[in-house]
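Enquirer: predicted model follows, preceded by the sequence.
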Amino acid sequence: MNPGMDQETFTQFADQLRRYVRERLIPAENDVIEQDQVPPEIVDEMREMGLFGLSVPEEYGGAGLNMAQYAQVVNIM
C-alpha cells in the first residue's frame with residue numbers, strides 16, 4: 001500500500017497547487033480556449049510538479065500521492 005506524502009509535505013504540495021491554479025492556470029484560460037491547446041511551458045511546469053502522475057512514486061517522476069491525497073488534489077484542480 002502506498003503511504004503517500006507525509007502530512008506536512010502534502011499540505012505544502014496542496015497549498016502550492018492552489019496558488020499555481022489561481023496564479024497561473026486561471027489567467028491562462030482564455031489563451032488556452034483561443035489557441036485550443038495548453039501552452040508548452042505550462043505543460044512543462046505541470047510535468048515538473050508531478051501532476052501527470054499524481055499517484056506514481058516520486059522516484060519515477062510522479063507526486064507519490066496515496067488515493068486519499070489524490071482525491072483531495074483532484075478536487076483542487
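Expert: Nice, I can see it.
Enquirer: what residues are up against the residue nearest to the spatial centre of the chain?
Expert: Centroid-nearest residue in the chain, with CA atoms, centre = their mean: L51, separated by 3.6 Å. By CB atoms under 8 Å, 6 or more residues apart in numbering, the contact list for L51 reads 17, 63, 77. C-betas here are computed from N, CA, C, even on glycine.
Enquirer: which of these count as buried?
Expert: If you count burial by 16 or more other CB atoms under 10 Å, the buried members of the contacts of L51 come out as 17, 63.
Enquirer: now secondary structure and distance to S55 too, for the contacts of L51, in a markdown table please.
Expert: Shown next, in a markdown table, are those (DSSP: H, G, I helix; E, B strand; the rest coil; distance: CB to CB, whole Å):
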| residue | secondary structure | distance to S55 |
| --- | --- | --- |
| L17 | helix | 15 |
| A63 | coil | 8 |
| M77 | coil | 14 |
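Enquirer: tell me the SS of the residue nearest to the centre of the chain?
Expert: coil (DSSP: H, G, I helix; E, B strand; the rest coil).
Enquirer: now it. Its backbone dihedrals?
Expert: phi -80, psi -10 (degrees, to the nearest 10).
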